[in-house]
Structures are given as C-alpha cells and as structure tokens.
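Engineer: For reference, the sequence and a predicted model appear below.
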Number of protein chains: 6
Amino acid sequence: RRENDGRKDEVGVVTGLAWTSVGGETMPVEVAVMDGVGKVELTGSLGNVMKESARAAVSYIRAHADVLGVERDFYKTKDIHIHVPEGAVPKDGPSAGVTITTALVSALTGIPVKGDVAMTGEITLRGRVIPIGGLKEKTMAALRSGIKTVVIPMDNQPDLAELSDTVRENLHFVPADRLETVLETALTVRPQPIKPKEKKEIATIPAGQGASLGGRVESPC
Amino acid sequence: RRENDGRKDEVGVVTGLAWTSVGGETMPVEVAVMDGVGKVELTGSLGNVMKESARAAVSYIRAHADVLGVERDFYKTKDIHIHVPEGAVPKDGPSAGVTITTALVSALTGIPVKGDVAMTGEITLRGRVIPIGGLKEKTMAALRSGIKTVVIPMDNQPDLAELSDTVRENLHFVPADRLETVLETALTVRPQPIKPKEKKEIATIPAGQGASLGGRVESPC
Amino acid sequence: RRENDGRKDEVGVVTGLAWTSVGGETMPVEVAVMDGVGKVELTGSLGNVMKESARAAVSYIRAHADVLGVERDFYKTKDIHIHVPEGAVPKDGPSAGVTITTALVSALTGIPVKGDVAMTGEITLRGRVIPIGGLKEKTMAALRSGIKTVVIPMDNQPDLAELSDTVRENLHFVPADRLETVLETALTVRPQPIKPKEKKEIATIPAGQGASLGGRVESPC
Amino acid sequence: RRENDGRKDEVGVVTGLAWTSVGGETMPVEVAVMDGVGKVELTGSLGNVMKESARAAVSYIRAHADVLGVERDFYKTKDIHIHVPEGAVPKDGPSAGVTITTALVSALTGIPVKGDVAMTGEITLRGRVIPIGGLKEKTMAALRSGIKTVVIPMDNQPDLAELSDTVRENLHFVPADRLETVLETALTVRPQPIKPKEKKEIATIPAGQGASLGGRVESPC
Amino acid sequence: RRENDGRKDEVGVVTGLAWTSVGGETMPVEVAVMDGVGKVELTGSLGNVMKESARAAVSYIRAHADVLGVERDFYKTKDIHIHVPEGAVPKDGPSAGVTITTALVSALTGIPVKGDVAMTGEITLRGRVIPIGGLKEKTMAALRSGIKTVVIPMDNQPDLAELSDTVRENLHFVPADRLETVLETALTVRPQPIKPKEKKEIATIPAGQGASLGGRVESPC
Amino acid sequence: RRENDGRKDEVGVVTGLAWTSVGGETMPVEVAVMDGVGKVELTGSLGNVMKESARAAVSYIRAHADVLGVERDFYKTKDIHIHVPEGAVPKDGPSAGVTITTALVSALTGIPVKGDVAMTGEITLRGRVIPIGGLKEKTMAALRSGIKTVVIPMDNQPDLAELSDTVRENLHFVPADRLETVLETALTVRPQPIKPKEKKEIATIPAGQGASLGGRVESPC
Ligand SMILES: [Ca+2]
Ligand SMILES: [Ca+2]
Ligand SMILES: [Ca+2]
Ligand SMILES: [Ca+2]
Ligand SMILES: [Ca+2]
Ligand SMILES: [Ca+2]
Ligand SMILES: [Ca+2]
Ligand SMILES: [Ca+2]
Ligand SMILES: [Ca+2]
Ligand SMILES: [Ca+2]
Ligand SMILES: [Ca+2]
Ligand SMILES: [Ca+2]
C-alpha cells in the first residue's frame, strides 16, 4: 500500500477539487456499493447540476460496464450511495464529473484509487472530458493537500500558463479529453474488460455498433 | 468512417443548434441506451418544455417502433438517458425535438449519425416538424463548427432569405416537414423496418388503421 | 381518404379551438397509444385544469369502454400520450375536454377523425358537454383554418347570435350536450360497441344499473 | 324513472351545494368506478381540504363496506374518479363530505340518487355529519335549481330560522347527524348489507367490536 | 356500554385537547383500520409536526405489537386512516401524540376507549410521554365538554398548580411518563399481549434484547 | 443494568449534543427497527442536512454489516424509524452523524448503549469522524445532564483548551477519528462480526478489496 503525506490509496474515494468564493479546496467524493435493487443515493448538500452530473456518471458506467470491468447487472443488484463531505456545505456544478465517475468505477471494481491524485473536469454521457473553471485556485488547494498529480480537461491546458511557478513545478498535470485517460491515471491497476455475453437484441444493421454512445470494446486505459 | 473537420459519425449523438442571448451555439444531444426496465432520464439543466419535448420524442418512437427498425419492447427492457452538455448551462424550448428524436433512433438502432449534419426543429407527436426561431444565429454557429448540412423545418424556409451570403453558400439546407426527412438526412444508413407481429387487439373497424397517429407502415426515409 | 384544403382525416388528432389574449387559434390535440402498462403522459405546457380535463376524459372512456368500442383493459395494457403542440406555448382551461376525449376515442379505436371538423367544450365525467367562453374568436380561427364544421356546447347556442355573418354562413355548427353527438359528428365511422362480458361483481340491487355515471349500453352516436 | 324539473335520478351523481363570494350554487359531484387497481383520482380544481374530505369518504366506505352493500375488495379491484365540474372553478372546504360519500356509495352499489335531493355537510371518519356554513345562500341556490329536499347537518338546524319564508315553504329539510340518514334520504333504494365473511384476525378481546370506528352491523338507513 | 353526558365509549376515537389562539378545545382523533397493504393516510389539515407525530405513533405500535396485543403484520395487511375533524381547521404540534397512539391501539385491537377520558402529551419513539403547553386552556375545554379524567405528561404536573379550583375539583388528573399509563387509563380493558413467535434473526449477543427501543415483554398497563 | 443519575443503558437510544442560539442541549436520538421491507423513516422536524446525515449512516452500516455484526439483509427485511424528540423543535446539521450511526448499530444488534455517554461528530460514508462546532456549549449541556463521557472528533481536540475547568475535570473525553472508536466507547459490549458468506460477484482484480470504502474485515472496536 503506497502512502504520500498520509494520503492512502483507497477504494471508492477520489479527491476532487472545488472552487469557492474563498478559494480552492480539495473535495473527496465517497462511493459505497451495497447489495440492493439499483437505487442511487446522493448526499452532501449537492445542487441539481451536481446531482445530474452523478446521474450521467452512473449511466456512462452502465452503458460501458463490459469494457470497464464492471458487472453489467449492478444497476439492479446493487445500491449505490455517493456522498461528498462536509455535509453542511452546499456544493454544485458539473466539474466533479470525472471525480464521481472514477469513484464509482473504483467502488464497483474494487480497484483502489491512488491517494496522491486529484482531478477536475466535466464528463459527458459519451465519456468526453470538457473544460471547467477555477483551475488556479483548485491547483493551489491540491498542492497544499499533498497531491502530486492533477488530472485536468485537455481544453483547460491553456490555463496552465496562468498558474504560479510553485504549482507548476510541484504538481504533475495530466490533460484528458476522454475518461479513459482519467482512469488510467487514477486507478492503481487497469480494470479488466469483461467479455460481453453475445446479445442480438438491437442488431438491425449489418455492420452496426451494438451499443450506443461509442461503446468501443477495448481496454479502457 | 467519414470525418469532417474532426466531426466523426457517432452513434447516439446529434448536433443540435441553440439560440441564446449572446448568439447561436451548437448543442450536442447525447443518448445512452442501457439494459433496464424502461426508465427515461433527462439531464443537462433542461427546462420543462425541453423535457416534454424529449418525452414526446420517446413516445413517437414507441408508437412507430416497427417502421423505425426499433425493437417494440425497448420501453420495458431498456433504460434511456438523454443528456445535453454543458451540464451547468440551463436549456429550454422545443426546438431540439428533431435532434433528440434522431439521437434516440440512432442509439436504439445502432446506426451512426453523420458528423457534419446539424438540425433544429420542433417535433409533434405525429412526427410533424414545425417551425422554430433564431435560424440566423443558429446557422452561423453551425458554419463556425464545421457543419456542412443543416436540417430546418419546412415552414422556416422563408427565413433563409435573411441569412448572410456566407452562410447560404457554405451550408446545405434540408427543409423537412416530417421526421422521415430528418432521419433520411442525418443517419448514415436507413433503418430497416421490422415486420410487425400480427396483432388484432385494437381492430374494431373494417378498414381501420391499427396504430394511432398516422402509423403508416412504409420505409421511414 | 377525404381532404379539405389540406386537412386530412387522421387517427388520434382532433382540431381544438383556443382563445388567447390575441384572438382565437386552432389547437390540434394529438394522442398516441402504445403497448404499455397504463401510464398517461400529458405534454405541451398544459396547465392543471387542462391536465385534469384530460384525466377526466380518460376515465370517461374507461367507464364506457364497451359502448365506445374500446378494449376494456387498455388502462393496463396500453400507455397513452396526449400532446398539444406548440410545446412552448402555455395552455390551460377545460374547453378542450371534448377535443381530448374525441382524440382518445379515435386513437383507441383506430377510427379517423374528419379533418374539417373542429370543436370546443368542457366535458364532465358523465359525458355532458358544458359551456365555454370565447366562441367568437374561436370560430373566426376555425374559418381561417379551412374548418367546415364546428361542434359547440348546447348551452353556447345563444352566443351564435353574436358571430359575424361570414362565420355563420361559412361554418356548420353542431350543438352538443352529450359526448355522443360530438363523436357522431367528428368520427368518420361509428364505433362498434363491444358486447360486454357478463359480470356480476357490483350487482346488489334487483334492477340496478351495473355501471355508474349513466353507462347506458346503446350505440354511442 | 322519476323526474322533477328535468332532474333525473342518476347513478354516481349527487347535487351538492356551494357557497361562494357571489352567493350559493349547486355543485354536482360525479363519481366513476372502473376496473382497476385501487387508484383514486380527484379532479375539478379541488383544494386540499376538499381532497382530504374525499379521502376520508373513501376510507369510511372501505371500513363499512359490508353494511353499505359494497364489495369489500373494491379498494384493490376498482379505480375511482371523483370529478366536480366546472373544471376551471377552484373549490375547497369540507362541506361536500356527505355529497362525495353519497356519490361514492351510489357508484359502488349501482343505486341511483334521487334527482331532486341536494345536500351539504362535513363528514367525519366515523360517519358523523358536522355543521357547515352558508346555509342561507346554499338553500336559495337549491330552490332556484328545482331541488325539493335538502339534507343538512343536525347541528345546523338553528340556522333554518334565518331562511326566507319562500325557501322554508318550498324545500323539505332533512337534518342528519349520521351518514345513515343522508343515504336513506338520497338513494332511491336501500343498500343491501353484505353478510361479512367470518374473520378472526383482530379479535383479541372477548366481547370486542371486530371493526373500528363504530362499525355497527345493521341496515345503513 | 357506559355513557357520560352523551360521551360514549367508542373504538378508534380518542378525545384530544388542543390549544388555539382563542382558547382550548377538545379535538377528537379518529382512526379507521381497513383491509389493505400497509398504507397510512393522514387527513384533517394536519401540519408536518403532527404528521410526523402520527408516523412515530405507528412505528411505536409496530415495534411493540406483541405486547400491545396487535397482530404483528398489520403494517402490511391493513391500511390505516387517521383523521382529525374539523377538516378545514389547520392543526399542528406534537401534543396529540398520546391521543393518536391510543386511538391506533384501540382501532387495531378493537378495544373501546372510555368516552369520558381526554388526554394531551407528546410521545417519543420509545413510548415516553414528554411535556406540552397550554394545559390551563386545554383542561378548561375538557371540563366544558363533559370529560371526567385527563391524562397529562408527568413533567407537566407542576402546571396543575396554576389551574382554577373548579377545574382541579371536577377533573381527575392522571400523570403519565410512559404510554403504558395512558393506555391503562383510557382503554376499557387491557390489551392481551400476544405470545411472540420465536425469532432468532437479530440475536448476536448472549444476553441481548431482541427488540430495540426497550421492547420489554410485559403487560402494557 | 448500570445506572448513572437516572441514565439507563438502553437499546436504540443515544444521547447527542446540540448547539442552539440559546446554548447547548442534550438531544436523544431514538431508533426503532421493525419487520418490514427496507423503508427508512426520519421524524423530529429534521432539516435536509440532518436527513442526509442519517441516510449516510444507514448506508455505512449496510456496506459494513458483516463487521458490525448486523444481518446483511436488514435493508430489505426491516423498516427503520429514526426519531429525534422534541418533535416541534427544528433540528439540522451534520453533527449528529455519529449519534445516529451508533443508535442504528445498537438497534440492529440489540446491544445497549451506555447511558452516561454522549457524543457529537459528523460521519462520512467511509466511517471517518470529522469536526463540528459548538463544543463548549455542547459539553456544558452534557455535564448538566449527568453525562460522564463525551466522544468528540479527533480534529476538535484543540477546542478542549477553551472549555472551563469544571467541564474538563468532570467529563471524560474520547477523541475519535473513526467510527470504531465511537462504538467501542458507547456500546456496552462489542458487536460480533458475522463471517461473511463467500461472494464472488465483484471480484475482477487479483488482490482486490471486495467491498468498497475500506471495508476492512476486523473487529469494529
Ligand atoms: Ca472545508
Ligand atoms: Ca491514455
Ligand atoms: Ca458553451
Ligand atoms: Ca424524403
Ligand atoms: Ca401559434
Ligand atoms: Ca345524435
Ligand atoms: Ca358556475
Ligand atoms: Ca334514519
Ligand atoms: Ca371548532
Ligand atoms: Ca401504571
Ligand atoms: Ca428542549
Ligand atoms: Ca480504538
């Protein structure tokens, strides 16, 4: 088990980065997976945009379960709880999309998340990582918290020029435009794709993609 | 796989056109289809009119599944997620009706959508395309984004005269008054109608149409 | 197939008449019937009064399914979607009651609605047609739209005197105090009553009416 | 079939009396009973107090089904729709309690309601009729509408002294403190109590009343 | 059947005491138990605190069903309706907790409630009776209404000193700190505890209490 | 059975500490567990943050049922009611997280809680105890109420310096950064971990943690 300044690798917990009126902050996202019937619970005083972001993250994983090494039927055999401490602090916005998605993949596969990696980025339903705001404040908070590596959206790369020398020299930045890069960076090992059972339900065109939203069957990282 | 200025053909993603106070914008609509029980999830800070528009799109497809080449029972065997990035930007209005419907058909059939086609238009429950506003701003945004072809409502044809020469010369316009024309233009291949199982449930008049809302059994495009 | 100025007979679509601050307008009501479990969806920016009006229409048809030629069990084997374009225009009030009911009967029986008939009138749960407002504006809109026949509530007959000569000479008015008259006027053929299966569930009085709310078993038109 | 000034005896319809800022009005309450699963629908722009009043009426009938001649299992085999025209007029208050209850009993038993009887009174969950306001205005409206008999709460009897001579001479008043009197007055025939199946579920005291809330097994009228 | 000034012993009805801006009032709480599936309905313009109070009462009875002589499975085989007339008068606060609980026990066991007993007191989930306000006004209302005995929370005993001589001399006060005392005072006979079926589900400690919240198996009164 | 100044050890009841505008207060949290289907009821005028806190507590226990000695399937075989008297007093905030969690563990295992222990602390979904406010007021209330031991978050230890000598000399403080320490301090006996049934559902990595969120299988205390 690796450790960095007390930051342990853990399953189901990912360090996000938040941008508030008083500066940046690290914001851990916690995911618990329980035997259940497919309910998704969202707590931590989350606003609607953040809740929708979590919903999209769950759907992305459902639609790409095989390639992410997640059992296909988790949506009906497990309950999922996504919590963001501190419970009394209102939180909103889409920029925790990659954080929530990564925490979900970790919790559903059992693969730990590297304790010294933080991340920020909106995720779309097809796994694209799109830009966010407040990179300067967020990265300063990451540095203060002992983070070594920060995943940022590819389209935020120009913002790196505005960061202080200290931040740029002490943090390793990983630009990502697809979720695959995020997972590759944050998880301690690669998920093993599950060979999908053959299915012929939605197969009405000769050379058709069976799954929607670009479900390319390849290693996720 | 065709590509135009980085615009790939994809399954379950269609480029819509939005009209905001600061001008036009392209607005991709993403659809994911998952094994499930018939739930429909709508995210992306969508207003009530846009949500209702998505609901009508789903019902249109359910009522015309056979002719659209979609499995009839998807409404109880699949869950559908419709998402419109960017998650924090409020969106509303009925003019993404054709966009949402096309993305749904693509995701449910596995047929890719041409990457260089954009569209705008309200859809009614019987598949009619009715006019929208902001055509000037929307088409300027389409051109800026590398779009080649724009589907517009038939009744918006008079508005074409108000567009700049640049827009008119560089975009190909396809006026549509029925969904069939939209799908014909945007999908890479035609959906193959599924031969409907014989049903005699609602058949109380001699020469009656078995399905409501003009369910003409013909090729959709 | 009859046609009048482009107005086709269609299944599941009825021309209603709306009265807004800027005058009258035709307002088509669309109904789609799909295999399902009994859900009723209402879209088109409908206010609560109009939604309740649609609910009462559905219940009326359920309570009188046999005589209307509708399969009794549609409430649990079909889903129904009632949509009123244009989606962004708020609509409310009870005066589309007859319109919604007629569209439902058409969609559930497969019997087309005459394209040149429009209608306005509140419907009660026992099938009575009760008066509405704005008849002058509504009928002017009907005339402009190529309508030939307008069904109005019996108790609105005195208002006919206030209409312009043009309207009175070019539209045929059918006063109705029961739904039967509305259906008789608007449907292309009469629904065939379904012989009810014998049932003895609620039969505790000797000469009792088996069904509530005046379920007289006779031809509906 | 009796008739009085066009007021027919009907199943599932009872004439209530409402008191508005501009005077009294008759207010028919309509009930439809359909094959279903136990849903109760309430429409007619009803306020919360009136909706709760309807809920209590349904529970009263469920708890006293046997003695009222209503099949015990209607709460799970039938759907009930309670509608009060005119749909756009907001209505509230508890004074339609007896009206709703009587309409429900009529619809569930198939026994017609006398067309020349009107009523007003709050009902409690144990079938007590408690006083209401606006008796003067309500009875004037009843008289104007061709009503012959008005059921009023026993505790409103002192208010009769304030009514005009015309009203007192032309209407027959029936004071009621229990629902039994209301039903006896309004229904054309008495409900036949259904002999309850023996049940020993809740029977833990020797001389115990098997049913709660005073379920005395006797003829309801 | 005992009677006191017209106050009959009844099943499922308990006289509570309310404190309003214009003084005290008796407030009967009515409970009906019906064959059902476990639904709990609350009517009578109840505020949230009072609704939660009723919810806690139901849970208390569920958790202590055996000792209260109530069938354990009522939560899934019965529907419960709790109503507080007069329907149009808003009511709130926790002080009807003991009243609601007693009415529920009476309705579920069939044991009548003494007609000359009134009560006031908040109940907690473990059956403790905690203090309330307005004792002076409430007891004056009780006396006016023919009540002989009033159950009050033990911790309200000091307030008795502030009552008028008339009230103190004509009412019998029963201080209670546990629900057992309330039931002992108000029910006409003691509930017979049901011998619990042996269960070994939650039994992981040697000397463990099988039930939570102090489920002492003894006679409730 | 131990007793301290009338503070009994009880199952399902834990003394929390609240901080209001007028000072500190003890705040008992009551939990009842009943046969049921997995519903969780929250009453006591709880605000959203406190409700979410309770939800996270339930999920924590579900995800760590084995090690806490709780039957895994309680989430579908039991209903849980969490109540915080006094019902009319609004309560909010995350600082009752440890209190609610402890009360739940006690109620689900049948292990009593020491009557002279109070606690305050936010809990996260992975069982971390994080800091809260108002320690000075809360501990003064604990002392007044006969409490001997107070569990506080580890990160609140610096605040101990601000407490009065009386408080520091008469209360025993137990700093906790994990739930294990809280349970060890408050329960009368240790929960016996249940040997988990082997499961191979989510086991896609060689050395993977089967459970998410650090489900270390060891004695909880
Ligand atoms: Ca903070
Ligand atoms: Ca990569
Ligand atoms: Ca943008
Ligand atoms: Ca075409
Ligand atoms: Ca228009
Ligand atoms: Ca006719
Ligand atoms: Ca009127
Ligand atoms: Ca009588
Ligand atoms: Ca009163
Ligand atoms: Ca006692
Ligand atoms: Ca207090
Ligand atoms: Ca320890």
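Structural biologist: Perfect, thanks for sending it. Ligands and ions are numbered 1, 2, ... in the order given.

Engineer: Do a quick rundown of the strands in chain A.
Structural biologist: A:3-4, A:7-8, A:13-20, A:23-35, A:40-43, A:78-83, A:117-119, A:122-123, A:129-130, A:149-153, A:172-176 (DSSP state E).

Engineer: Make a markdown table from these and add mean pLDDT, distance to residue E:10 and mean neighbour count to it.
Structural biologist: C-betas here are computed from N, CA, C, even on glycine. As requested, those are exported to a markdown table (pLDDT from 0 to 100; distance: least, Cβ to Cβ, whole Å; neighbours: other Cβ atoms under 10 Å in any protein chain shown):
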| stretch | mean pLDDT | distance to residue E:10 | mean neighbour count |
| --- | --- | --- | --- |
| strand A:3-4 | 40 | 70 | 12 |
| strand A:7-8 | 86 | 65 | 17 |
| strand A:13-20 | 96 | 58 | 24 |
| strand A:23-35 | 97 | 47 | 23 |
| strand A:40-43 | 98 | 44 | 20 |
| strand A:78-83 | 98 | 45 | 25 |
| strand A:117-119 | 98 | 66 | 29 |
| strand A:122-123 | 98 | 62 | 26 |
| strand A:129-130 | 98 | 67 | 24 |
| strand A:149-153 | 98 | 69 | 24 |
| strand A:172-176 | 98 | 71 | 17 |
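
Engineer: Just list whatever residues bridge to the residue in chain A positioned nearest to chain E.
Structural biologist: Closest approach of chain A to chain E (Cβ to the nearest Cβ) occurs at residue A:35, with a separation of 16.7 Å. On the basis of DSSP bridges, residue A:35 takes part in beta bridges with residue A:78.

Engineer: Assess the claim that it and residue A:74 are in contact.
Structural biologist: No - between residue A:35 and residue A:74 there is no contact under Cβ atoms under 8 Å: 10.5 Å.

Engineer: Report the beta-bridge partners for the residue nearest to residue A:181 when sequence neighbours are not counted.
Structural biologist: Closest residue in space to residue A:181, ignoring its immediate chain neighbours: residue A:174 at 6.7 Å, by Cβ to Cβ, 6 or more residues apart in numbering or on different chains. Listed by DSSP bridges, the beta-bridge partners for residue A:174 are residue A:151.

Engineer: so residue A:174 makes contact with residue A:148?
Structural biologist: No - look at residue A:174 against residue A:148 with Cβ under 8 Å: they stay out of range, at 10.9 Å.

Engineer: Quick one: the helices in chain A, in order.
Structural biologist: A:48-63, A:65-68, A:74-77, A:97-109, A:135-144, A:165-170, A:179-186 (DSSP state H).

Engineer: okay if I get those helices as JSON lines plus mean pLDDT and mean neighbour count?
Structural biologist: Formatted as JSON lines, the helices of chain A follow (pLDDT from 0 to 100; neighbours: other Cβ atoms under 10 Å in any protein chain shown):
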{"stretch": "helix A:48-63", "mean pLDDT": "98", "mean neighbour count": "23"}
{"stretch": "helix A:65-68", "mean pLDDT": "96", "mean neighbour count": "22"}
{"stretch": "helix A:74-77", "mean pLDDT": "96", "mean neighbour count": "18"}
{"stretch": "helix A:97-109", "mean pLDDT": "98", "mean neighbour count": "29"}
{"stretch": "helix A:135-144", "mean pLDDT": "97", "mean neighbour count": "22"}
{"stretch": "helix A:165-170", "mean pLDDT": "97", "mean neighbour count": "12"}
{"stretch": "helix A:179-186", "mean pLDDT": "98", "mean neighbour count": "23"}
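
Engineer: got these as JSON lines, with distance to residue F:191 columns?
Structural biologist: JSON lines is the format used below for the helices of chain A (distance: least, Cβ to Cβ, whole Å):
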{"stretch": "helix A:48-63", "distance to residue F:191": "32"}
{"stretch": "helix A:65-68", "distance to residue F:191": "35"}
{"stretch": "helix A:74-77", "distance to residue F:191": "26"}
{"stretch": "helix A:97-109", "distance to residue F:191": "24"}
{"stretch": "helix A:135-144", "distance to residue F:191": "38"}
{"stretch": "helix A:165-170", "distance to residue F:191": "44"}
{"stretch": "helix A:179-186", "distance to residue F:191": "34"}
